[in-house]
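>>> mind looking at a prediction? Sequence and model below.
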Amino acid sequence: GFRAYSKDKKYKRSYLEIEFADELEANQQYCFKFNISLADLSKYAVNDIGVYISDRKVEQPNTGTIAKDPQVRHKSNKVMMVMDGWETVCGTFVATGQEQYMVIGCFGRDDKLEIEKVKRPSGMVGAQVYHSYYYVDDVEVYPIEAQSQCSCSRADDLEPDLIYSKSMMVGKDLTPTDIIKSSDVYYAFLKSNLNAIAKRDLNKLAKILIENPSIKLEVVGHCDNDEFDEGKINPRYRDLGRKRADRIVEYLIEQGVSEMRLVPKSVENTQPANTRPTPLSKAQNRRVVFLPR
């Protein structure tokens, strides 16, 4: 196990450092997973527990804290408090092929940690120790094709759907073409259905198209990288960008726009609006855009 935190400065943190037996394959996505359980006589529980992956051996500094940004940690970065069982920490990582070591432990500085006091379990004999010590079991590293193949538990997978939204000021100087180009529709992860906001905006778009019968429209569907990967292993999510574009074309036709004026297309994940790996950036890529012709 490892000591994640200590109130007594005489006792430094400890870490588990493991050298990979085999090289990781460049550009391959891997699942990192391990179970932890808080020691029964620990006085504290903390967050910021995860895995730091390095191309060289990591030396623990004199301060005792390896203040790194771990590539893998619990999705909610919650305080890990379970004593009478095991909690799973897992996440995905795309390798460069240079990785040689993985380090398991707590990587947050003391002044940044969430620290909670823990009661001694009923029936447990002995004084509590003023630290946070975790046992570790079932450390796994294995290649995957999609993030759904690296789930910690069903509860962890229940994240709120994030749908990107942007505001647009409609001024008198904007032409119908300008408005159409700014009418992007955004989606939750792995979804192609139209929510109430999307339908409201598409109703406005249909009105503009009906009032301007000379405009033809390319309806271009996109997905993010994670959605594209899910499509590799689950046919239900294959060609998600095209499914989004087709559904919007159907809706516009239902609102009175001629089918002859609408051309559905898809570029899937090849033209991202944002290449950063954050949830908000990914949400920007789950979209359908409109190109007037």
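Sure thing, it's come through.
>>> let me know the pLDDT of the nearest residue to residue 187 once chain neighbours are set aside.
Excluding the flanking residues, the one nearest residue 187 by Cβ to Cβ, 6 or more residues apart in numbering is residue 286, at 4.3 Å. Quick note: C-beta positions are derived from backbone N, CA and C, even for glycine. pLDDT, residue 286: 96.
>>> cool, residue 60 as well?
85.
>>> neighbours of the closest residue to it other than its chain neighbours, how many?
Leaving out its chain neighbours, the residue that sits closest to residue 60 by Cβ to Cβ, 6+ apart is residue 66, at 5.9 Å. Residue 66: 19 surrounding residues under other Cβ atoms under 10 Å.
>>> you'd agree residue 66 is in a strand?
No. Under DSSP: H, G, I helix; E, B strand; the rest coil, residue 66 falls outside any strand and is assigned coil.
>>> go ahead and confirm the residue nearest to residue 187 touches residue 185.
No. Taking contacts as Cβ atoms under 8 Å, residue 286 lies outside contact range of residue 185: 9.6 Å.
>>> these two: which is more packed in?
A direct count of neighbours by other Cβ under 10 Å for residue 286 and residue 185 places residue 286 higher, at 28 against 25.
>>> how close does that one sit to residue 273?
9 Å (Cβ to Cβ, to the nearest Å).
>>> also residue 101?
In terms of Cβ to Cβ, residue 101 sits 35 Å off from residue 273.
>>> please apply the same query to residue 210.
Separation of residue 210 from residue 273 (Cβ to Cβ) stands at 28 Å.
>>> pull the contacting residues for residue 93.
Applying Cβ atoms under 8 Å, 6 or more residues apart in numbering, we find residue 93 in contact with 29-30, 32, 53, 71-72.
>>> got the contact list for the helix or strand where residue 204 lies?
Using DSSP states H and E, residue 204 sits within helix 196-211. The contact list for helix 196-211, computed with Cβ under 8 Å, 6+ apart, reads 165, 176, 179-180, 183, 185-186, 194, 215, 217, 248, 251-252, 255-257, 261, 290.
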